[in-house]
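In: sequence plus predicted model, see below.
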2 protein chains.
Amino acid sequence: MTCLRMSTVERAQLAMMLEVSAYPKPGNVDRCHDYPDTRLEHFLASTIFARPALEEADRGQGRIGEIIKHAVRDTNCHQGGNTHFGAFILLIPLIYGKDIAGAMRAIETTDVSDAIAFYKAFAMTSVRMNASDELDVNDPHTLTLIRDREMTLHDIMHHSAAHDMVAREWVTGFPLTRRAADLLNQYGPGRDAIVKTFVTLLATEPDTFIIKKHGNEVAEEVLFSAREVLDGKRTLEDFDADCIMRDINPGSTADIIIAGIFIALGEGWQWDS
Amino acid sequence: MTCLRMSTVERAQLAMMLEVSAYPKPGNVDRCHDYPDTRLEHFLASTIFARPALEEADRGQGRIGEIIKHAVRDTNCHQGGNTHFGAFILLIPLIYGKDIAGAMRAIETTDVSDAIAFYKAFAMTSVRMNASDELDVNDPHTLTLIRDREMTLHDIMHHSAAHDMVAREWVTGFPLTRRAADLLNQYGPGRDAIVKTFVTLLATEPDTFIIKKHGNEVAEEVLFSAREVLDGKRTLEDFDADCIMRDINPGSTADIIIAGIFIALGEGWQWDS
């Protein structure tokens, strides 16, 4: 039975749930793997607790920066640390604008207040910035800097796009989100398609979360390993075990997969088979 | 960080999510085990899709039978079959009445219209009745029978209590729900407490879902095995594997665990540690 009456908000929640439940996903929290401090339940709880903010976005009113802040605040109420910050950065404009084109229009209207709210959200997470970044979230001068320069949230994403693939989606029109949705539609229904989409993205796009944590070289290695899996030269299980052992988790790719599932579900992709 | 602002509805959703994610749970769908047609994702999707009906219950208005019907209708929109019918029978009066005492008061007000709505919900599921039951959900005369006898939903539960431990909760004041909550509080925080509570209930209460499917003797065997696990004479993994091999799933105990988690969370039990 197809969920004809699934709301946009439920679609976003389902995307978050399906992404984290899919397995095996190299290095990330999945059905078969927890991190010591962040477990499957934290991601699933976040899916439940995010609802009010997702509903705010769905009403298409209010400021996007503020809504992202609400999503982070409401899902931070467990001990698992950050689970979906990157996913919210993508999902909230996509819900707000109804589709990618609408999200891009919404993004263009962001202003300094969005940028400030966003940085306040950032400060609630433990997401790392680049060490050299002058817009460091831990630096109290950052908010002054944003105000003085009259930076919008769109500007902030421009600033971050070079080293953050999630921010880059805002600037470039969600190409990886679109690609993830296309791959899901291409790979067919069910959770295996999510895993295949994940590995395919990993094999072509260096994950910027890995770059920030481990450097370019490790990110390139991961890309190469993903390609070996696609070529049948290596098992996914082996790749996964290696990532886990080395504490490598492609978190930004996961965020993009969530946005891709959200789009694909709206286009009739069947999760349930 | 404790979820101070968790709403009653979120608490119910969290209870559903935590129950199905806990593992290993002998015989049931859990984080490590799917059934061919019903998978973890179906249970988790049901957790998301149940929200409007849970909110209806939370408003404390409307008819309980109708709200149960809405919950079943909204969560049936996937191919995984019935996931939470028994859980809704317990959760919806508990949410509606705010606690066990309030649930019992709400239950007393049910009338013929609740009974009819409930049977319509039942007809949407593939839950089995006892073969000999004159109130068979597949029998078109059943609704006439309910109307003629002016049976309330409370009466229906009385009728079913002898062979259904979920129905029995309505009639006896939720003693197993209360016991599950007490066990959780006693076993301490986190998902291990859920598994221990599950095994402890199994070791004392024959699961009526097993009785309906496999008969009394198998239910007694399961009870005995659970006791062996508690006594350290058998591993939980071995018990789980045996249940899975024999297609034995203690589904009614799972429903009661969900209700118990819901109550325990309201009393400050910590899921997140």
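Out: In hand now; what should we look at? Numbers count the residues shown, from 1 in each chain, chains lettered A, B, ... in the order given.
In: near chain B, which residues of the stretch 101-250 of chain A are found?
Out: Applying CB under 8 Å from any CB of the partner chain, we find that the stretch 101-250 of chain A lies next to chain B at A:Arg191. Glycine gets a C-beta too; all of them are placed from N, C-alpha and C.
In: show me the shaky parts of the stretch 101-250 of chain A.
Out: Low-confidence segments of the stretch 101-250 of chain A, defined by pLDDT under 70, span residues A:127-134, A:137-138.
In: give me the number of residues near the one residue in it that gets nearest to chain B?
Out: Residue nearest to chain B within the stretch 101-250 of chain A: A:Arg191 (6.8 Å; CB to the nearest CB). For A:Arg191, the number of neighbouring residues by other CB atoms under 10 Å in any protein chain shown comes to 19.
In: verify the stated contact: it with A:Val20.
Out: No. Look at A:Arg191 against A:Val20 with CB atoms under 8 Å: they stay out of range, at 11.1 Å.
In: quick one, phi/psi of the nearest residue to A:Gln270 once chain neighbours are set aside?
Out: Distances taken as CB to CB, 6 or more residues apart in numbering or on different chains place A:Pro189 nearest to A:Gln270, at 3.8 Å, with adjacent residues excluded. Main-chain torsions, A:Pro189, degrees, to the nearest 10: phi -70, psi 160.
In: what about A:Pro189, how many residues nearby?
Out: 13.
In: OK, contacts around it?
Out: Contacts for A:Pro189 (CB atoms under 8 Å, 6 or more residues apart in numbering or on different chains) come out as A:269-273.
In: including pLDDT, secondary structure and neighbour count, could these go into TSV?
Out: Listed next are the contacts of A:Pro189 as TSV, based on pLDDT from 0 to 100; DSSP: H, G, I helix; E, B strand; the rest coil; neighbours: other CB atoms under 10 Å in any protein chain shown:
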residue	pLDDT	secondary structure	neighbour count
A:Trp269	96	coil	19
A:Gln270	94	coil	16
A:Trp271	93	coil	24
A:Asp272	88	coil	19
A:Ser273	76	coil	10
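In: closest to A:Gln79 among these?
Out: Closest to A:Gln79 out of the contacts of A:Pro189 is A:Trp271 (29.0 Å), distances taken as CB to CB.
In: test my guess that the closest one contacts A:Leu14.
Out: Yes. A:Trp271 is in contact with A:Leu14 according to CB under 8 Å; the separation is 6.8 Å.
In: who touches both of these two?
Out: By CB under 8 Å, 6+ apart, the residues touching both A:Trp271 and A:Leu14 are A:261, A:265, B:45.
In: and the nearest residue in space to the last one that is not next to it in sequence, how far from A:Met6?
Out: If I follow you right, that is B:Ala45. Distances taken as CB to CB, 6+ apart place B:His78 nearest to B:Ala45, at 5.5 Å, with adjacent residues excluded. Separation of B:His78 from A:Met6 (CB to CB, to the nearest Å): 10 Å.
In: go on, A:His141?
Out: A:His141 is 45 Å from A:Met6, by CB to CB.
In: and the two? which has more neighbours close in?
Out: Neighbours were counted for A:His141 and for A:Met6 using other CB under 10 Å; A:Met6 has more, 19 against 11.
In: now stretch A:178-192: buried residues?
Out: Under the neighbour-count criterion of 16 or more other CB atoms under 10 Å in any protein chain shown, stretch A:178-192 has A:178-181, A:183-185, A:187, A:190-191 buried.
In: whoops, stretch A:154-163 was the one
Out: Of the residues in stretch A:154-163, those buried (16+ other CB under 10 Å) are A:154-157, A:159-161.
In: check stretch A:69-79 too.
Out: A:69-78.
In: ok, now stretch A:197-211?
Out: A:197-203, A:205-211.
In: could you do stretch A:18-33 as well?
Out: So stretch A:18-33, judged by 16+ other CB under 10 Å, has buried residues A:18-31, A:33.
In: next: stretch A:93-111.
Out: Counting neighbours by 16+ other CB under 10 Å, stretch A:93-111 gives A:93-97, A:100, A:103-104, A:106-107, A:110-111 as buried.
In: gap between that stretch and the chain center?
Out: In terms of CA atoms, centre = their mean, to the nearest Å, the centre of stretch A:93-111 is found 16 Å from the chain centre.
In: what about that stretch, start to end distance?
Out: 14 Å (CA to CA, to the nearest Å).
In: touching that stretch from outside, list them.
Out: A:8-9, A:12, A:54, A:57-58, A:60, A:63-65, A:67, A:152-154, A:157, A:170, A:173-174, A:177-178, A:259, A:262-263, A:266.
In: 7 Å instead?
Out: A:8, A:12, A:54, A:57-58, A:60, A:64-65, A:152-154, A:170, A:173-174, A:177-178, A:259, A:262 (CB atoms under 7 Å, 6 or more residues apart in numbering or on different chains).
In: next step: the buried residues of stretch A:197-211 restricted to strands.
Out: The strands, defined by DSSP state E, take in nothing from those.
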